[in-house]
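>>> Kindly generate the corresponding structure for this input.
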Amino acid sequence: EAPKPGAPDAEDPDWAASCDALLEILPTLPAEKALVAVTAAAGWSHKAYWRGTVSELPPPSSEKMLAVVELLEEFEVGREEIAVVVGKFPQVLGLRPGMIRANVEKMDRQWGVKGMRLRNTLKEQPEVLGFKVDCEGDCISECTRCWARY
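All right, here's what the predicted structure looks like:
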């Protein structure tokens, strides 16, 4: 079966450029993780996570990835730590900065998570940045993006 048009391929110039940009932004990210990360950010992998939102988009631009990285830096997470976050949760590169900011505000407002505690949470459980539902125990089958996991 032939790959879908636009499918991630390290030989494709657009995907290669996105991988190169990511490695320039996060030089401590292992090179073999770059294609995995941009593939996840564009919704080509981790389909359960992206259900009902993005799917099979073009590779993320360097500007979009840099915006996410710079936002995480605002929360006192260094570039080396961000590389670890991207390794654990590559979808972060596909999130809208507004969603990331809203989730950080929610953690502060509801649980008092800020400062060093926020930094440690983002390093250990970076998927909180993409949570979008809170079933509050009444499951709606979006477990990969639910605050009940936090």
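>>> going forward, measure contacts and count neighbours with C-alpha atoms only.
Will do.
>>> Show me what the longest helix along the chain is packed up against.
Using DSSP state H to define each element, the chain has its longest helix at helix 97-111. Here helix 97-111 touches helix 62-74, going by 3 or more Cα pairs under 8 Å, 6 or more residues apart in numbering; DSSP states H and E.
>>> average pLDDT across stretch 125-145?
The average of the pLDDT scores along stretch 125-145 is 71.
>>> Tell me which residue is most central in the protein.
The residue lying closest to the centre of the chain (Cα atoms, centre = their mean) is Val92, at 0.8 Å.
>>> count of residues packed around Leu57?
Using other Cα atoms under 10 Å, Leu57 has 16 other residues around it.
>>> List the residues that contact it.
Residues in contact with Leu57 (Cα atoms under 8 Å, 6 or more residues apart in numbering) are 42-44.
>>> Which residues are in contact with Asp108?
Lys114.
>>> any idea which of the contacts of Leu57 has the most stuff around it?
Among these, Ala42 has the most neighbours (other Cα under 10 Å), with 24 neighbours.
>>> Tell me how far the nearest residue to that one once chain neighbours are set aside lies from Val36.
Leaving aside its sequence neighbours, Ala42 sits nearest to Leu57 (Cα to Cα, 6 or more residues apart in numbering; 4.9 Å). Leu57 sits 14 Å away from Val36, going by Cα to Cα, to the nearest Å.
>>> Tell me the backbone dihedrals of Leu95, please.
phi -80, psi 150 (degrees, to the nearest 10).
>>> Look up how far Arg101 lies from it.
From Leu95 across to Arg101, the span is 10 Å (Cα to Cα).
>>> Could you pull out the helices in the protein for me?
Counting by DSSP H, the helices of the chain are 13-25, 31-41, 47-50, 62-74, 79-88, 97-111, 115-124.
>>> now the angle from the last one to helix 79-88?
Between the axis of helix 115-124 and that of helix 79-88 there is an angle of 40 degrees, by axes from the mean of the first three to the mean of the last three Cα atoms, to 10 degrees.
>>> which secondary structure elements does helix 115-124 contact?
By 3+ Cα pairs under 8 Å, 6+ apart, helix 115-124 packs against helix 79-88.
>>> In terms of secondary structure, what does the helix it packs on contact?
Secondary-structure packing of helix 79-88 (3+ Cα pairs under 8 Å, 6+ apart): helix 31-41, helix 62-74, helix 115-124.
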